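Student: dropping a prediction and its sequence here:
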Amino acid sequence: MGERRTMTGGRAQALQQMVERHRWDLARQLALFAGIVAVCLWSVHVIIIEGTDWARIGSLTGVLRSIGRFLVLDWSLIPQLALPMVETFMMATLGTLLGLCFSLPVAWFGAINVTPSKAVFYPLGRFLMTLSRSIHEIVWALIFVAAVGLGALPGILAIAMRSVGFISKITAEAIENIDHKPVEAIRATGANNFQVMYYGIIPQILPVVLGTIIFEWDINIRRSAIMGLVGAGGLGLTFFRQMHMFNYGGVTMVILAILVLIILGEVISHYARKAVT
Amino acid sequence: MTMISFARSAQARDGSRRQWSRFRYPDSLFRYAALLGAVLFIGYSIEFLGIDLARLLQMFGRIGEVLANRYYPPDVGYVLQPDYLHSVLESIQMAYLGALFGLLLAAPLAWFASYNMTPSRRVLYPMARFVIMGSRSVHEMIWTILFVTILGFGMLPGVLALTMFCIGFAGKLLAEEIEAVDMGPVDAIRASGANAVQTVMYAVWPQVKVAWTGIAIYTWDVAFRAATVVGFFGAGGMGWYLKRNVQQLENERVAAILLSIVALVIVSELVSAWARHRVAKARRPTALQGRTVAD
C-alpha cells in the first residue's frame, strides 16, 4: 500500500488502464472460446445426433465387420495395378509441366513489378490464381471430361489447372522479390529484353520455381490417383471398378498401390530438391 | 579449378575472343542431357497415355462451345432455394467439425512427430510420422468413399473424412512449427526439472501459439474447400446437389452450383486471410506470415 501511495497519479492511471485492457482481452478470449464450443455443440447436434441414420449403421460389430472386409487383401490384383500406376505417375508429371506452362503468363500478369498493366492484367492474374485454387480438382476434372471426353487428357488438364494457382503465386512472389542490380547490370551490357529476362531474372527465380514444381508434383501424384473417379484414367479408375464390384480387398490393394507411388514420389522429390539447392 | 585455369591460359595464348556462355563445358553437357531426357519422357508419356494432341488444340473451342450451349444461363434461382442454402450450412458445419476434430487429433500427433520435442524417438516419432503421412497421402475423396461404404450416406462420413484429411494436412504444418522453436527456453524449463508435458506447456506452447492459430484458421479454410465436394461421393452438403444435377444432366443448375461453390470458397479465403492477418498482427511475426502455405 505504501508503494501505491507514493505513486504519481499518471502512473496509477496507466496501471489501471493496463489492468483493464488485460481484463478486456481475457473477456474477449473467453467469449471467443465460448463461441467456438457453442458452434461445435450445435454442429454435433445437427450432424451426429439428428443427421445420422444410426439404425443404418447398426451395431459396432457390424461396423467392424464391414471394416474387416477391407482387410482381406486381394493379391491377385497386383498384375493389373502396374499399368495404372505408370499412368497415374505420367498424368501427374505431364499435368505439373502443363500447369507450369499455364503458370508463367499468370505469374507474369500477377507480379506487380513486371505486369504489363497494373489496372487490367494484375487483377486478372490475381483472380486467375484464386480461381484455380478455389475449384476442387474433382470439379476441374468434371469440366474437362465434359469438354474433351474420357481418358488421361482431362485428368492432365484438371491437374494442370489446379496447379496453376500455387505455382504462379509462388513464382509471382519470387519475381516481386528479385534483386534489381543484376538486371540493371545485364541491361547495361546492351542486352535486349529477352536476354535481360534469360540472364537477369530467370537465374534468380529458378531455385524457388523448381522447388515449387517438385513440391506441387508430389501433391499432384495424390491428385492424379483420384482423377479416375470421374472418368479420367489412372489408379482412380481401378479403384472405382473394384468398389463397384464390391471387391473390398481389391480396394485396399489400390490404396496400397497409391501409397507405394506416393512414397516413391517423396523419395524422388527429396533427391530432386537436394539436386536443385 | 585446373579446368578453368587451363581454359584461361588457352584463351590468353591465342588471344581470340571466346563466345561467352552461362554454363561451362561438362556442366552444359549434363544440362542438355537432362533436357533431352525430359523431352523424351514427355514424348513417351504422350504416346503411352494415347493422348490425341489434335483434341488438345480443339479443346479451347470446344470448352467455349460447351459452356455457351449447355451451361450458359446459370440457373441462379436454383441455388437460392432454401433446400440448397440449407446444404451450404451443412457444408460449413461439416468443415467446422472436421477441422476441429482433425486439429484436436493433429496437435498431440504433431508433438510426437517433431524430432526435437518427441517423447520417444524410437517408437512414437516414426509412428506419428507414419500416421500423418498415411492420412496425407490418401486423398480426401478416397477417405469419403471408404467412410461412406462403412457407415452409409450422410454427413457423419463426411466429417470423418475431413477429420482424416485435416490430421494429415495440419499435423505436418504443426510439427514443422514445433521443429522450428527456439531451444533455449526448452533447455531452461527442462533444467528446472520439468517433465515432458510441462516442457511443452511452458516452453513450446507459448512459442508456437500464434503460428498454430494461423494454421488452425488455414486448416478450416482448406477443409471447407474439400467439404464443398465430399458430397459428390455420398457425404452430405453441396456436393450431393452437384452430383445429382450432374447425373441428371441439369447443366444450367450445375453451372449455378459451381459458381456458388467458387463464390463461397473465395469468401472463406478472404475471411481466413483477414483472420490470419489479425492473429499475426496481434503478436510477434510468425513463420506462417510471409510464407505461402501449400494447399
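Tutor: Received the coordinates, thanks. What you are looking at is a predicted structure, and each value in this text was computed from that prediction instead of being measured.

Student: which regions of the stretch 151-295 of chain B lie under the pLDDT threshold?
Tutor: Applying pLDDT under 70 to the stretch 151-295 of chain B picks out residues B:282-295.

Student: those residues of it touching chain A, which are they?
Tutor: The stretch 151-295 of chain B has residues B:151-156, B:159, B:225-226, B:228-229, B:232-233, B:236, B:242, B:246, B:258, B:261-262, B:265-266, B:269, B:292, B:294-295 near chain A, with proximity defined as CB under 8 Å from any CB of the partner chain. C-betas here are computed from N, CA, C, even on glycine.

Student: weed out the non-buried ones from these.
Tutor: B:151-156, B:159, B:225-226, B:228-229, B:232-233, B:236, B:242, B:246, B:258, B:261-262, B:265, B:269, B:295 (16 or more other CB atoms under 10 Å in any protein chain shown).

Student: among the residues of the stretch 151-295 of chain B next to chain A, which lie within strands?
Tutor: Among these, none falls in strands (DSSP state E).

Student: for chain A, which helix or strand comes out least confident on mean pLDDT?
Tutor: helix A:2-6 (a mean of 52; mean pLDDT, DSSP states H and E).

Student: helix or strand right after that helix?
Tutor: Counting by DSSP states H and E, the next helix or strand C-terminal to helix A:2-6 is helix A:9-44.

Student: need the helices for chain B, in chain order.
Tutor: Taking DSSP state H, the helices of chain B run over residues B:2-14, B:25-49, B:53-66, B:76-79, B:82-112, B:124-137, B:140-151, B:155-179, B:183-191, B:196-199, B:205-230, B:238-247, B:251-282.

Student: how far does the helix or strand hosting A:V251 sit from its chain's centre?
Tutor: In the assignment (DSSP H and E), A:V251 maps to helix A:248-276. On the basis of CA atoms, centre = their mean, to the nearest Å, helix A:248-276 sits 17 Å off its chain's mean C-alpha point.

Student: run the angle between it and helix B:124-137 for me.
Tutor: Helix A:248-276 and helix B:124-137 are oriented at 110 degrees to each other (axes from the mean of the first three to the mean of the last three CA atoms, to 10 degrees).

Student: in helix A:248-276, what's buried?
Tutor: Result for helix A:248-276 [16+ other CB under 10 Å]: buried residues A:248-255, A:257-258, A:261-262, A:265, A:269, A:272.

Student: could you point out which residue ranges in chain A have low pLDDT?
Tutor: For chain A, the ranges with pLDDT under 70 are A:1-8, A:56.

Student: with adjacent residues omitted, what lies nearest to B:F224?
Tutor: Nearest residue to B:F224, sequence neighbours excluded (CB to CB, 6 or more residues apart in numbering or on different chains): B:A95, at 3.9 Å.

Student: what is the burial count for the one you found?
Tutor: Residues contacting B:A95 under the criterion other CB atoms under 10 Å in any protein chain shown number 28.

Student: likewise for A:R65?
Tutor: So A:R65, with other CB under 10 Å, has 12 neighbours.

Student: which of the helices or strands spans it?
Tutor: helix A:60-71.

Student: next, the angle helix A:248-276 makes with that helix.
Tutor: 60 degrees.

Student: now the element after helix A:60-71, going C-ward?
Tutor: Following helix A:60-71 in sequence, per DSSP H and E, is helix A:78-110.

Student: work out the gap between that next one and the centre of the chain.
Tutor: Per CA atoms, centre = their mean, the displacement of helix A:78-110 from the mean C-alpha position of its chain is 14 Å.

Student: then stretch B:31-39?
Tutor: Using CA atoms, centre = their mean, the offset of stretch B:31-39 from its chain centre is 30 Å.

Student: let me know the average pLDDT across that stretch.
Tutor: Computed over stretch B:31-39, the mean pLDDT rounds to 86.

Student: now swap in stretch B:84-99 and tell me
Tutor: 90.

Student: rewinding a little: and chain B, is the helix holding A:R65 touching that?
Tutor: Yes. Contact of helix A:60-71 with chain B (CB under 8 Å from any CB) involves A:V63, A:S66, A:I67, A:F70.

Student: of the residues you listed, buried ones?
Tutor: A:S66, A:F70.

Student: from the residues of helix A:60-71 next to chain B, which is closest to chain B?
Tutor: A:S66 (4.9 Å; CB to the nearest CB).

Student: surely the closest one touches B:I150?
Tutor: Yes. The criterion here is CB atoms under 8 Å, and A:S66 meets it with B:I150 at 4.9 Å.

Student: count of neighbours near residue 132?
Tutor: I went with chain A, as the question did not name one. 23.

Student: not what I meant, chain B
Tutor: B:I132, neighbours per other CB under 10 Å, totals 23.

Student: next one: B:L97
Tutor: B:L97, neighbours per other CB under 10 Å, totals 27.

Student: tell me the contacts of it?
Tutor: Residues counted as contacts of B:L97 (CB atoms under 8 Å, 6 or more residues apart in numbering or on different chains) are A:C40, A:S43, A:V44, A:I47, B:V159, B:L162, B:T163.
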